[in-house]
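> From the sequence below, what's the structure:
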Amino acid sequence: MQFRLTETCKVLITVLTSCFIAAQCLAASAQTSTVSSSDNVPDPRSVVVEQRVDPICAASAAIIASLENVKEAAAKGDPAAQHNLGVIYWCGIGVKSDFVEAAAWYHKAAEQGYEHSQFNLAEMYLHGYGVQRDAVTAAYWLRKAADQGQAKAQSELGNLYFLGIGVHEDDALAATLLRKAAIQGDENAQTKLGLMLKNGQGVQQNLIAAYAWLKIAEATHPGSVVGLLSYRPILSGDSLSIAEELARNWKVGTMVPEDVRPMRP
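Down below sits the predicted model:
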């Protein structure tokens with residue numbers, strides 16, 4: 001079964017599902033969900049995992065005390081310092097919170113290949129924080145970070161390809177990116193990949209693999225939206241045993257085989 005959304009809905013879902021992660025900032029998360037299906041089969045596009053950024057940031061007294069040193073190093077072109085200065089301005093650590101200034105420093109570090117700044121800058125473009133909202137530019141910076149192996153960027157970029165926001169809609173490429181992030185332990189990627197396997201979107205349908213990924217996301221991230229909504233497909237017998245074993249034995253860095261079949265019908 002295939003599900004398609006209007007452009008307005010796609011934009012709304014992206015705003016809700018995109019997780020803005022300013023490194024060293026604490027996030028106050030509120031999880032919600034919607035299911036759009038006549039037969040209770042959830043579409044990954046309808047899975048909403050909302051995270052609201054709390055202005056309270058996990059900055060130590062040492063960071064505040066060394067603010068001038070961070071500024072000095074950033075001015076000299078050190079990408080880590082530039083990123084930290086971006087965090088400082090985003091969070092308002094020892095300075096007035098300034099998203100425009102934060103974006104400017106993230107941009108400097110991102111241009112030097114600093115993956116954390118690339119991701120944060122992409123999220124700012126995606127949401128329009130401190131910069132003009134621009135999904136194409138957001139996808140550009142997410143791709144830069146994803147190419148360096150950053151799971152959050154792979155997950156977010158996969159979501160954009162799935163929704164066709166800032167890029168051409170491509171379910172197969174979305175699955176490839178989500179798979180890379182899921183293997184690294186990203187819950188959102190594990191959830192969406194599991195649902196894609198359940199629905200046969202961008203990948204060959206495989207209920208055992210779908211169950212395993214959704215079980216993994218639920219087990220490794222207690223209280224996740226997956227467990228709350230019982231998204232896992234209903235399995236029994238050999239299929240259920242195999243899926244449970246795959247989930248139980250999964251470790252970060254390994255993948256779930258997507259061609260697994262029950263030994264007995």
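> Leaving out chain neighbours, which residue sits closest to residue 82?
residue 109 (3.9 Å; Cβ to Cβ, 6 or more residues apart in numbering). (Each C-beta comes from the backbone N, C-alpha and C, glycine too.)
> element containing that neighbour, please.
Assigned by DSSP states H and E, residue 109 belongs to helix 99-111.
> what's the average pLDDT for stretch 190-210?
In this model, stretch 190-210 carries a mean pLDDT of 96.
> What residues sit buried inside that stretch?
By 16 or more other Cβ atoms under 10 Å, the buried positions in stretch 190-210 come out as 190-199, 201-203, 206-210.
> Pull up the distance across it, start to finish.
Separation of the first and last residues of stretch 190-210 by Cα to Cα, to the nearest Å is 9 Å.
> for stretch 84-97, same thing?
With Cα to Cα as the measure, the ends of stretch 84-97 fall 13 Å from one another.
> and it, which residues are buried?
By neighbour count, and taking 16+ other Cβ under 10 Å as the criterion, the buried residues in stretch 84-97 are 84, 85, 86, 87, 88, 89, 90, 91, 93.
> Let's have those in a markdown table, adding secondary structure and distance to residue 163.
Formatted as a markdown table, the entries for these read as follows, by DSSP: H, G, I helix; E, B strand; the rest coil; distance: Cβ to Cβ, whole Å:
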| residue | secondary structure | distance to residue 163 |
| --- | --- | --- |
| 84 | helix | 32 |
| 85 | helix | 32 |
| 86 | helix | 27 |
| 87 | helix | 28 |
| 88 | helix | 32 |
| 89 | helix | 30 |
| 90 | helix | 25 |
| 91 | helix | 29 |
| 93 | coil | 33 |
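> any chance of the residues you listed in JSON lines, with pLDDT and distance to residue 231 too?
Formatted as JSON lines, those follow (pLDDT from 0 to 100; distance: Cβ to Cβ, whole Å):
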{"residue": "84", "pLDDT": "91", "distance to residue 231": "38"}
{"residue": "85", "pLDDT": "94", "distance to residue 231": "41"}
{"residue": "86", "pLDDT": "94", "distance to residue 231": "36"}
{"residue": "87", "pLDDT": "91", "distance to residue 231": "34"}
{"residue": "88", "pLDDT": "91", "distance to residue 231": "39"}
{"residue": "89", "pLDDT": "93", "distance to residue 231": "39"}
{"residue": "90", "pLDDT": "92", "distance to residue 231": "33"}
{"residue": "91", "pLDDT": "88", "distance to residue 231": "34"}
{"residue": "93", "pLDDT": "84", "distance to residue 231": "38"}
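> so which strand or helix has residue 231?
Assigned by DSSP H and E, residue 231 falls within no helix or strand.
> these two touch, right, it and residue 211?
No: under the criterion of Cβ atoms under 8 Å, residue 231 is not in contact with residue 211, lying 9.5 Å apart.
> if I look at the two, which residues touch both of them?
When contacts are counted by Cβ atoms under 8 Å, 6 or more residues apart in numbering, residue 231 and residue 211 have 194, 198 as shared neighbours.
> Correct me if wrong, but residue 159 is in a helix.
Yes: with DSSP: H, G, I helix; E, B strand; the rest coil as the criterion, residue 159 is assigned to a helix.
> ok, it - how many residues close by?
Per other Cβ atoms under 10 Å, the neighbour tally for residue 159 reads 26.
> Per-residue confidence, it, what does it come out as?
For residue 159, the model assigns a pLDDT of 96.
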